[in-house]
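> could you look at this predicted model? Sequence included:
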Amino acid sequence: MIDAPTFDELIRRVRAGDPAAAAELVRTYEPAIRRAVRFRLADAHLGSVLESMDICQSVLASFFVRAASGQYELETPEQLMKLLGSMARNKLASEARRQFAKRRDARRVTAAGEEADLLAASGESPSSVVAARDLLQEVRRRLSPDERRLLEMRDQGLEWPGISAALGGSAEALRRRLARALDRVSRELGLDEPS
């Protein structure tokens with residue numbers, strides 16, 4: 001795990017959209033997310049139709065969009081791990097409902113298997129860095145000017161009480177407004193659905 005001062009700096013850099021910070025966060029937390037997902041995939045009998053990496057990427061995409069907006073107030077690595085674990089469980093449960101609601105026949109669908117991991121190099125590819133940057137730009141584009149202003153103020157490191165003092169209104173109302181806007185954009189972009 002990362003110690004507290006380094007963790008605070010990492011989260012600040014992630015909020016600012018720093019690709020190196022995002023890569024560091026992925027390197028540190030992705031293995032734990034994938035382990036938790038793989039355990040639940042076996043338990044839910046979904047291993048033949050889903051890969052742990054699919055859920056993991058969906059979790060991280062949602063996290064980065066919301067973290068960039070300052071939606072999360074994370075003070076410790078344990079809080080982050082708990083948040084990512086909860087997001088993974090929710091996405092996996094959503095995918096399980098989708099699989100069983102449509103009465104899919106999992107016996108006819110096969111996963112690529114462990115050999116698929118040998119096809120691509122490990123680590124973050126240049127295309128994934130570009131895709132993450134493009135995703136964040138698209139999220140910002142879909143926000144209204146007022147919502148973008150809230151996001152920019154959070155990106156500058158302002159806390160909700162400071163933002164409410166500058167814009168008027170309660171800190172909690174402004175936080176909820178941005179959270180609802182990000183939820184809307186996440187739904188529009190399909191980030192709240194597993195890959």
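Good, I have the coordinates.

> how much space separates the spatially most central residue of the chain from residue 168?
In the chain, the centroid-proximal residue (C-alpha atoms, centre = their mean) is residue 63; its distance is 2.1 Å. Computed as C-beta to C-beta, to the nearest Å, the residue 63 to residue 168 distance reads 30 Å. All C-beta spots, glycine's among them, are computed from the backbone N, C-alpha and C.

> ditto for residue 19
Distance check for residue 19 against residue 168: by C-beta to C-beta, it reads 35 Å.

> more neighbours, those two?
residue 19 (15 against 9; other C-beta atoms under 10 Å).

> quick check: buried residues in the helix or strand bottoming out on mean pLDDT in the chain?
The helix or strand of the chain with the poorest confidence is helix 126-142; it has a mean of 76 (mean pLDDT, DSSP states H and E). In terms of neighbour count (16 or more other C-beta atoms under 10 Å), helix 126-142 has its buried residues at 132, 135, 136, 139, 140, 142.

> what's that helix packed up against?
helix 19-43, helix 52-68, helix 171-189 (3 or more C-beta pairs under 8 Å, 6 or more residues apart in numbering; DSSP states H and E).

> give the rounded mean pLDDT of the last one.
Confidence for helix 171-189, expressed as mean pLDDT, is 88.

> next: the shortest one.
Per-residue pLDDT values across helix 52-68 average out to 84.

> return the list of helices and strands in contact with it.
helix 4-15, helix 19-43, helix 77-101, helix 126-142, helix 171-189.

> wait, what's in contact with the residue nearest to the centre of the chain?
Residues near residue 63 by C-beta atoms under 8 Å, 6 or more residues apart in numbering: 72, 83, 84, 87.

> make TSV from the helices and strands packed on helix 52-68 and add distance to residue 52 to it.
Shown next, in TSV, are the helices and strands packed on helix 52-68 (distance: least, C-beta to C-beta, whole Å):
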stretch	distance to residue 52
helix 4-15	22
helix 19-43	4
helix 77-101	9
helix 126-142	17
helix 171-189	21
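
> thank you kindly, that will do.
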